[in-house]
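Visitor: Starting from these lines, generate the structure:
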Amino acid sequence: MISKELISEVLNIPKEAIMDIYTDGNYLLIRKTNSRVEEYNIYGFAFKCKEWAENKGYIIFSKNKECLIYSIDEVYDVIECLNQYEDYFEADTECEAIFKACEWILKNKAND
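Guide: So this is what the prediction gives:
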């Protein structure tokens, strides 16, 4: 669900150094090539993902089990936000919806 590419972008870990990715409740576990396992709070990682998206020119608005992506360049006021979102994502949890949105940005817009 969370790609090596997204982890690399958000946490600044070389993609080649990531062997396995696990989620365990409230934690993201990353096993690296040196067999070391790094543990991150899943909510903290989701927040970092939102910051990463903003640095790429997008705002992620999330609530409950869904989120919307807005292009910063195209949103001028709150009323306009209601109709100008780039894409919509839904998942079992808010964090999963955020990760889906960031994966979309990574695959579709990060190189624009």
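
Visitor: Pull the contacting residues for residue 3.
Guide: With contact set as CB atoms under 8 Å, 6 or more residues apart in numbering, residue 3 has these partners: 103, 106. C-beta coordinates here come from the backbone N, C-alpha and C atoms, glycine included.

Visitor: what about 7 Å?
Guide: Neighbour list for residue 3: residue 103 [criterion: CB atoms under 7 Å, 6 or more residues apart in numbering].

Visitor: Setting aside sequence neighbours, what's the nearest residue to residue 66?
Guide: Take residue 66 and drop its neighbours on the chain: the residue closest to it by CB to CB, 6 or more residues apart in numbering is residue 90, 4.6 Å away.

Visitor: Tell me the predicted confidence for that neighbour.
Guide: Confidence at residue 90, expressed as pLDDT, is 80.

Visitor: Would you mind confirming that it makes contact with residue 68?
Guide: No. In terms of CB atoms under 7 Å, residue 90 does not count as a neighbour of residue 68; the distance is 10.3 Å.

Visitor: When those two are compared, which one has more neighbours?
Guide: Of the pair residue 90 and residue 68, residue 68 is the one with more neighbours under other CB atoms under 10 Å, namely 19 against 11.
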